[in-house]
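1. sequence unknown, structure follows:
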């Protein structure tokens, strides 16, 4: 499975400009709502027409503005799972699946195979509105795979599911797709990380980054991408010595090697250490607010030496650790480990 | 006294035939307009809706010009041995023309309220345009299409102005119920007028009741668990 996309399309508020390649792997497109993610999928599926560019799937040209090629969706062999699943409301589960099977001769058999594979037995005669969210999704998946697509497009596939069901489907989805490669759109970075090898980060129609997931999370290429990838603590910074940067908004100097031309520094909330003993890049701090989850706590703090009292930094710590810190009455220190600092 | 029921039969025949014609033409036009580029769509939309905003007499006047003996079309029809003006066919034509915008408008509305993603997904599933239209778009817009049909039926049943202009008042041939009522009242025959009025009211009422019954039939696809 090989896909290459290079398209430009003018939209109401910005212009979409995407270039990506996919070679036997799964890719997520990550971006905030309204960044044009779904439009990319619609262009690949042929529902929307790009202004310029080229889309090639397994050597077949689906779209080429220069050669005037624009295959209609029905000829592209691209499966599309809509966010709301878009089941045919007036057809039963069986009807929904059967209508998508291309060959007349084995329709019945194939429909029953799919019903079995997607655990829909007993629901054949049910209408979509009677089904739960998870059942609806399975019907939509079965219907999509009935056409034997060469590529699968998933538009926010889990946004209509809640809690446990969402986790279950996230686990099962790759198996249900039976090895078909997919291109998924999501605004949830954990979902993107879990379900794809490569991630494309976009905002306002522009690609901010496109890389293997680990590399992308460890070394985001720019600040905008890093923010979308969950970086919360960011400040302007200037290098003052070879292994020292000054961070005016946090009011401190940080020991840190690496890149010499620096404009911003950032650190993930999970990487900030809160403890009662000082160390490298440690500063006395004061916790202003906390947000407790079941197993972790997000601490909003300011550095004591900081003059800018408005700016709060974030750290995420283990709940047990947070409880033991609370018991002690000592001064707290926030530590920014040099190897965890992200420089831009 | 044997009451003359021919206006009722003429009206019923005219209305049924017109409604059937308008049903298909309205749906076809609505479907065709849907795929046009936005600007052309706007122009065609205005054109198809135009008969609705014209007074029926003005419409009848234009039809008279179009189909009359002095027009090219009228000449052509005459050459083929057909004379439309003041014939029963004329009642059908005027009825269809006045009802067409109603059917067209409601059909367009019905098509547009069908969830776009359902149509889009059907295309990615490789279904042909014909299959999508027959098996998905039509069934999903059925309630709207039925409403349009009832509207068209009622409009044609009550048609007076345009019909009088091009079909005239020939008893037993082009005299529909509304026209018969008008001429009964004009001739001071209140008894006949009243009977005819009751008939037309009954017919309209029946139509509404049938529509009401149809719309509250059990709907499997929208019933919740």
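-> That came in fine, so what should we check first? Predicted, not measured: the structure shown is a model, and the values here were computed from it.

2. quick one: mean pLDDT for the helix or strand hosting residue B:39?
-> Here residue B:39, judged by DSSP states H and E, is contained in helix B:38-53. Averaging pLDDT along helix B:38-53 gives 93.

3. and that helix, does that touch chain A?
-> No - for a cut-off given as CB under 8 Å from any CB of the partner chain, helix B:38-53 has no contacts with chain A; the smallest distance is 14.1 Å. All C-beta atoms are positioned from the backbone trio N, CA, C, and that covers glycine.

4. in the chain, where is pLDDT below threshold?
-> As the question left the chain open, I've gone with chain A. A:306-309 (pLDDT under 70).

5. wrong chain, I was asking about chain B
-> Looking along chain B with the criterion set at pLDDT under 70, you get B:1-2, B:218-225.

6. what do you get if the cut-off is 80, keeping everything else the same?
-> For chain B, residues meeting the criterion pLDDT under 80 lie at B:1-3, B:215-225.

7. all helices for chain B, in order.
-> B:6-34, B:38-53, B:56-67, B:72-79, B:88-112, B:116-124, B:129-131, B:138-140, B:142-157, B:161-167, B:177-186, B:190-215 (DSSP state H).

8. helices or strands up against the third one?
-> So the one you mean is helix B:56-67. Judged by 3 or more CB pairs under 8 Å, 6 or more residues apart in numbering or on different chains; DSSP states H and E, the packing partners of helix B:56-67 are helix B:72-79, helix B:88-112, helix B:161-167.

9. packing partners for the last one?
-> Applying 3+ CB pairs under 8 Å, 6+ apart, one finds that helix B:161-167 makes contact with helix B:56-67, helix B:88-112, helix B:177-186.

10. what about residue A:228, neighbour count?
-> Other residues within reach of residue A:228, judged by other CB atoms under 10 Å in any protein chain shown, total 22.

11. name the nearest residue to it, ignoring sequence neighbours.
-> residue A:201 (5.3 Å; CB to CB, 6 or more residues apart in numbering or on different chains).

12. the one you found belongs to a strand?
-> Yes - counting by DSSP: H, G, I helix; E, B strand; the rest coil, residue A:201 is located in a strand.

13. can you pull up the bridge partners for it?
-> Counting by DSSP bridges, residue A:201 forms beta bridges with residue A:30, residue A:209.

14. the spatially most central residue of chain B: what's it in contact with?
-> Nearest to the geometric centre of chain B sits residue B:99, at 3.3 Å (CA atoms, centre = their mean). Contacts for residue B:99 (CB atoms under 8 Å, 6 or more residues apart in numbering or on different chains) come out as B:18, B:19, B:22, B:151, B:152, B:153, B:155, B:156, B:159.

15. try residue B:136
-> So residue B:136 contacts A:88, A:90, B:114, B:118, B:119, B:122, B:127 (CB under 8 Å, 6+ apart).

16. which stretches in the stretch 51-200 of chain A count as strands?
-> A:52-57, A:60-64, A:69-70, A:78-81, A:151-155, A:182-186, A:198-203 (DSSP state E, counting those that start in this stretch).

17. how is chain A divided into domains?
-> A:2-220, A:233-343 (automatic domain parsing).

18. out of the ones you listed, which is the most enclosed?
-> For the domains of chain A, the largest average neighbour count (mean count of other CB atoms under 10 Å in any protein chain shown) is found in domain A:2-220, namely a mean of 18.

19. can you give me the end-to-end span of that domain?
-> 26 Å (CA to CA, to the nearest Å).

20. just stretch A:154-162 next, same as before
-> One end of stretch A:154-162 to the other measures 17 Å (CA to CA).

21. report all helices and strands that the longest strand seen in chain A contacts.
-> In chain A, taking DSSP state E as the definition, the longest strand is strand A:282-292. The contact analysis (3+ CB pairs under 8 Å, 6+ apart) places strand A:282-292 against strand A:296-303, helix A:319-327, strand A:332-335.

22. put together JSON lines for the ones you listed, with distance to chain B on each row.
-> Shown next, in JSON lines, are the helices and strands packed on strand A:282-292 (distance: least, CB to the nearest CB, whole Å):
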{"stretch": "strand A:296-303", "distance to chain B": "37"}
{"stretch": "helix A:319-327", "distance to chain B": "39"}
{"stretch": "strand A:332-335", "distance to chain B": "48"}
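
23. in TSV: these, plus distance to residue B:199.
-> Output for those, formatted as TSV (distance: least, CB to CB, whole Å):
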stretch	distance to residue B:199
strand A:296-303	78
helix A:319-327	82
strand A:332-335	90
